[in-house]
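*Asks:* Okay, here's the prediction I keep looking at, along with the sequence it came from:
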Amino acid sequence: MRAQLLLQLGRPREAWDELEPAILPVHDRMQRELMLLDDGERLLFASRIGFALGVLLSSAREIDDRAVRERAYAEVLAWKGRVSRSLMHSRARLEERLDEEGRRELGRLRVVQGELSRVLSAPPVDREERDVRLSDLRGERDRLVAGLSRRTGGGEAEPRPTLERLRAALPEGAAVVDLLVHRWWELPGEDDGPSLGRWGESRVVAWIVRAEAELVQLDLGPAAVLSTAIEALRGALAQSTGRGMGMAPDGERDVEPALSRRVRELLWDPIAPHVVGADPVILCPDAFLATLPFGVLRREDGTHLIEHHRFAYLQDAAWIERMSEPEERDVAPSLLVVGDVDYGDRGEAPSERGRRDVALLRGDGSTWEPLPFTAVEIAAVEAERAAVFGPEAPRLRLAGADASEERIEAELPGRTVVHLATHGFFDPTGGVGLGASSVAHEAGLPNDFANVASSLPPGLLSGLVCAGASGPSEPDRADGILTAEELSWLDLSSADLVVLSACETGLGRAASGEGLMGLRRTFRMCGARTVISSLWSVPDESTANLMAGFYRRLWRNKESSLNALRRAQLQLLKNNREATGRALPGTWAAFVLDGDWR
């Protein structure tokens, strides 16, 4: 690439002048060709453009000119989240756009997705045979996805996002904090000798956009430092939920406050002066940054940022330009509520599905434990709904053995509000249900699940636990684990709100520019307007209390989804302080709102 050579030679202005006009046709080509590719190929295509973007951003950094900086950020806007937007376009109004042959392809895809999960979670007695089978299934899956994308990918091209339109679309008083993990090209210093420089370590960069202010760009430092600090904080928060009192094991002191302040100093303190008075603060995190709820961070006075700011989350800032006004509904929302699941009984099969084995979906071999407070939780949701919309308002409650994987999957399309209160998981090692690695170890087999997982659709690594998941496998029945992969081609464009009241439903495999590829992204990609999900294992009782408060404020008080969630979290924080003298953020901070906050 000529522009890279010019940058290496210390001529960033020439590199910019060479690359900026060349990158626009590349974006146009990307928009056309993405619709012909499966989702893995789309990510690969985008990563290649991401390299050119790195050269462009590095050139802009050396030039240090306001106009150049704004034009460089416009390229970030166009690139970041581009794959997710193209996938959402492919799936929009899916049933309306498929002919009979396309519907057959979609049916076959769903069978293949189920078979992929079954093979991945089965004991690798014969690794070679398993790997061949996985490769064959992945190939068929990708061919079907690419074919369906071509069938559904037509229509009007997406307008190219611009900084001007983003500013115009921002609500009054709002600020966008757009974060990206990427590498700069570092020019040689005086002591480096003869050198063309090198690509430096990954760093976190933030752009802050406000309607009437100059674009701000901040270098927040090495990504590795922030990633380590955030992971330590998340570990302390998740640990505190399991013990219920925020204490470290064996009587050690609670380390969460110190870890929280450390992350705040690294990440939030440089941003804070540029968002003074902003409401809401719209965060567009990238990669591992999407695992952090910013509201949990502590200020010097011991209070949490959620007590001072409203935080909304979007995968990329370009969504703001396309957000239509929320629809005013004169009728009650069509509600699907799932909870009080019987993990030992699948109930009767409502339809034919490919069978998958469930025996390896339980970590160390234990069963999925009942969640008694989910019964209280879904009863509270239904009570709030009946109080506002009347007892005859349309709803469907799936509990006990009725909450089977097949039934939930069949009932999701067409609902305007979906509330799922059950176990959830994210397993980055590729064991799907957390048990495959331990089984391989006990069998004396090499543990190569992480390698296998890296070559598979990331949606296989996260899911929701349904009825019968702890029971024995049954021929021609689903296994009770509803993965993000199996949800990925449902049409959920009717859903105004999806609440994933389960553990780790906001996590997923990180991809630069695409956030976390898991359940939260899948529901949004399938058309859900707003998704509320969790970033670590959440305690049963406090989650039930949080959700009751959320729906009361949402429906009875007619607050926005963001206000309702934040005020429910603040109430739980207040209750914790009054009862224990401590905020116990592990009990309330895990849930974040992605999508339309209004």
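*Replies:* That came through, no problem.

*Asks:* mind checking pLDDT for R97?
*Replies:* On pLDDT, R97 comes in at 75.

*Asks:* In contact with the nearest residue to it once chain neighbours are set aside, which residues?
*Replies:* Using CB to CB, 6 or more residues apart in numbering and skipping the chain neighbours, the partner closest in space to R97 is T152 (4.9 Å). (Each C-beta comes from the backbone N, C-alpha and C, glycine too.) T152 makes contacts with 90-92, 94, 97-98, 102, as judged by CB atoms under 8 Å, 6 or more residues apart in numbering.

*Asks:* which residues of the stretch 151-300 of the chain score low on pLDDT?
*Replies:* Scanning the stretch 151-300 of the chain for pLDDT under 70 picks out 153-158, 189-196, 240-253.

*Asks:* Would you state the strands of it in chain order?
*Replies:* 175-182, 185-186, 198-199, 203-210, 216-222, 281-284 (DSSP state E, counting those that start in this stretch).

*Asks:* so which of these comes closest to A583?
*Replies:* Nearest to A583 among the strands of the stretch 151-300 of the chain is strand 281-284 (20.1 Å), distances taken as CB to CB.

*Asks:* Quick one: list the elements packing against the closest one.
*Replies:* strand 175-182, strand 311-313 (3 or more CB pairs under 8 Å, 6 or more residues apart in numbering; DSSP states H and E).

*Asks:* returning to that earlier point: now, of the strands of the stretch 151-300 of the chain, which is deepest in the fold?
*Replies:* Counting by mean count of other CB atoms under 10 Å, strand 281-284 has the highest mean neighbour count of those, with a mean of 25.

*Asks:* Ramachandran angles for V498?
*Replies:* phi -120, psi 120 (degrees, to the nearest 10).

*Asks:* That one - how many residues pack around it?
*Replies:* 29 (other CB atoms under 10 Å).

*Asks:* and the nearest residue to G173 once chain neighbours are set aside, how far is that from H309?
*Replies:* Excluding the flanking residues, the one nearest G173 by CB to CB, 6+ apart is D279, at 5.1 Å. Remark: distance between D279 and H309 (CB to CB, to the nearest Å) = 7 Å.

*Asks:* Neighbour count: these two, which is higher?
*Replies:* H309 (20 against 12).

*Asks:* Got phi/psi on that one?
*Replies:* The phi/psi pair for H309 (degrees, to the nearest 10) is phi -140, psi 150.

*Asks:* now it: how far from A317?
*Replies:* From H309 across to A317, the span is 17 Å (CB to CB).

*Asks:* cool, A146 as well?
*Replies:* 29 Å.

*Asks:* likewise V76?
*Replies:* 9 Å.

*Asks:* shared neighbours, those two?
*Replies:* With CB under 8 Å, 6+ apart, V76 and A317 have common neighbours D178.

*Asks:* Where do the helices of the stretch 1-150 of the chain begin and end?
*Replies:* 2-8, 12-34, 39-63, 66-79, 82-91, 94-97, 100-121, 127-152 (DSSP state H, counting those that start in this stretch).

*Asks:* H419 is in contact with I378, correct?
*Replies:* Yes. At 6.9 Å, I378 and H419 qualify as touching, with contact defined as CB atoms under 8 Å.

*Asks:* overlap in contacts of the two?
*Replies:* What both I378 and H419 touch, as defined by CB under 8 Å, 6+ apart, is the set 337-339.

*Asks:* of the residues you listed, closest to A511?
*Replies:* V338 (28.7 Å).

*Asks:* now W199, which residues is it bridged with?
*Replies:* In this structure, W199 bridges to W185 when assessed by DSSP bridges.

*Asks:* Now do the contacts for it.
*Replies:* By CB under 8 Å, 6+ apart, the contact list for W199 reads 54, 183-186.

*Asks:* R577 belongs to a helix, doesn't it?
*Replies:* Yes. The assignment for R577 by DSSP: H, G, I helix; E, B strand; the rest coil puts it in a helix.

*Asks:* what's the burial count for it?
*Replies:* 12.

*Asks:* With N575 instead?
*Replies:* N575, neighbours per other CB under 10 Å, totals 16.

*Asks:* Check the gap between it and F311 for me.
*Replies:* Distance from N575 to F311, by CB to CB: 21 Å.

*Asks:* Repeat that for L490.
*Replies:* Counting by CB to CB - L490 and F311 are separated by 28 Å.

*Asks:* again, but for F45
*Replies:* For F45 relative to F311 (CB to CB), the value is 32 Å.

*Asks:* what's the answer for T483, then?
*Replies:* 28 Å.

*Asks:* And for E33?
*Replies:* As judged by CB to CB, E33 and F311 stand 35 Å apart.

*Asks:* Neighbour count: the two, which is higher?
*Replies:* Neighbour totals were compared for E33 and F311, and F311 leads with 19 against 13 (other CB under 10 Å).

*Asks:* Tell me what V531 is bridged to.
*Replies:* Beta-bridge partners for V531, by DSSP bridges, are V498, D594.

*Asks:* how far away is it from E101?
*Replies:* Using CB to CB, we find V531 at a distance of 32 Å from E101.

*Asks:* Look at these two and report which has more neighbours.
*Replies:* Neighbour count, other CB under 10 Å: between V531 and E101, V531 has more, with 28 against 10.

*Asks:* pretty sure the more buried one contacts M525?
*Replies:* No. V531 lies out of contact with M525 (CB under 8 Å); the separation is 10.1 Å.

*Asks:* Report how many residues lie close to R138.
*Replies:* 18.

*Asks:* what residues are up against the nearest residue to it once chain neighbours are set aside?
*Replies:* What sits nearest to R138 in space, not counting adjacent residues and going by CB to CB, 6+ apart, is L456, at 6.4 Å. By CB under 8 Å, 6+ apart, the contact set of L456 is 116, 120, 134, 138, 430.

*Asks:* and with 10 Å instead?
*Replies:* Contacts for L456 (CB atoms under 10 Å, 6 or more residues apart in numbering) come out as 40, 116-117, 120, 134-135, 137-138, 141, 430, 432, 485, 509.

*Asks:* With A375 instead?
*Replies:* 339-341, 399-400, 421, 544.

*Asks:* Double-check that it belongs to a helix.
*Replies:* Yes. Per three-state DSSP, A375 lies within a helix segment.

*Asks:* how far away is it from G459?
*Replies:* 29 Å.

*Asks:* With N575 instead?
*Replies:* 36 Å.

*Asks:* the more surrounded of A146 and A317?
*Replies:* The residue with more neighbours, out of A146 and A317, is A317; 25 against 19, by other CB under 10 Å.

*Asks:* That one is in contact with T162, isn't it?
*Replies:* No. With contacts counted by CB atoms under 10 Å, A317 stays clear of T162, the gap being 11.1 Å.

*Asks:* Show me whatever sits in contact with both of these two.
*Replies:* L77.

*Asks:* For the nearest residue to R133 once chain neighbours are set aside, grab the count of nearby residues.
*Replies:* Closest residue in space to R133, ignoring its immediate chain neighbours: V119 at 5.3 Å, by CB to CB, 6+ apart. For V119, the count of nearby residues is 21 (other CB under 10 Å).
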